[in-house]
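# Here's my sequence, what's the structure:
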Amino acid sequence: MPVDTKAVGKEWGPTEYTVGLEKIREYANAVGEKSPVHQDSAAAKEAGFRDVVAPPMFCVVYSSPAVAPVLFDPEVGINFATMLHGGQEFVWGDPVCAGDVVSTKVVCKEIFQKDDKGFYVFESISTNQDGQEVCRGTWTNIVRGVE
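Prediction:
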C-alpha cells in the first residue's frame with residue numbers, strides 16, 4: 001500500500017519537561033562532557049548562564065516525549081516493525097538550564113514515497129518558560145517495504 005499523506009500538517013503536543021539539575025549532570029557524565037558549566041552552578045553563572053546548562057544534545061531528552069507518540073499515531077500510519085531511523089537535525093536557540101520548563105510541540109512536515117520506502121519528516125519546536133525557542137528539530141523516519 002502506498003504511503004498516506006493525510007497527516008501532513010497535523011500537530012501534536014505540547015508536552016512539558018522540567019529540566020532537573022541532576023538530569024543535566026547525569027547526561028553530561030554519560031556523554032563524557034567535562035565542562036564545569038554542566039556540573040556546577042557557580043561555574044555556569046560565572047560563564048553567563050542562569051544555572052547549570054544542558055549540553056546541546058540534551059534536546060533529545062526533553063523533545064522525545066513529544067515525538068514518540070507521533071510514531072504510533074494511526075493517522076500517520078507508520079509500520080513501526082519496518083521503520084528505520086533516517087536522521088535528526090537540530091538548530092539551537094537559548095541555552096537550556098536547570099529549572100527551565102521546556103514545552104515541545106511536533107508537526108508532520110512531509111510524507112512521501114521513493115521506490116519502496118516511505119519517508120516521514122517531523123519537526124519539533126521546543127520553547128522555554130519565557131517563550132524563547134531553545135531547539136528546533138527535524139526527525140526523519142524511513143519505512144521499508146511500502147508499495
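
# Just after the one helix or strand residue 124 maps to, pick out the following helix or strand.
Here residue 124 sits within strand 117-127, counting by DSSP states H and E. In the C-terminal direction, the helix or strand that comes right after strand 117-127 (DSSP H and E) is strand 133-144.

# Give me the buried positions along that next one.
The neighbour-count check on strand 133-144 (16 or more other C-beta atoms under 10 Å) flags 134, 135, 136, 137, 139, 140, 141, 142, 143 as buried. (C-beta placed from N, C-alpha, C; glycine too.)

# Could you pull out the buried residues of the longest strand seen in the chain?
The single longest strand within the chain, with elements called by DSSP state E, is strand 101-114. Buried residues in strand 101-114, counted by 16+ other C-beta under 10 Å: 102, 103, 104, 105, 106, 107, 108, 111.

# So for that strand, mean pLDDT?
The average of the pLDDT scores along strand 101-114 is 97.

# Show the secondary-structure elements that that strand is packed against.
Other helices and strands packing on strand 101-114, by 3 or more C-beta pairs under 8 Å, 6 or more residues apart in numbering; DSSP states H and E, are strand 11-18, helix 59-71, strand 117-127.

# These: which one's closest to residue 25?
Using C-beta to C-beta as the measure, helix 59-71 is the one of the helices and strands packed on strand 101-114 that comes nearest residue 25, at 12.5 Å.

# can you state the direction angle for that closest one and strand 11-18?
Orientation of helix 59-71 against strand 11-18 (axes from the mean of the first three to the mean of the last three C-alpha atoms, to 10 degrees) gives an angle of 150 degrees.

# just checking, what packs against whichever helix or strand comes after helix 59-71?
Sequence-wise, the next helix or strand downstream of helix 59-71 (DSSP H and E) is strand 83-92. On a contact count with 3+ C-beta pairs under 8 Å, 6+ apart, strand 83-92 meets helix 59-71, strand 133-144.
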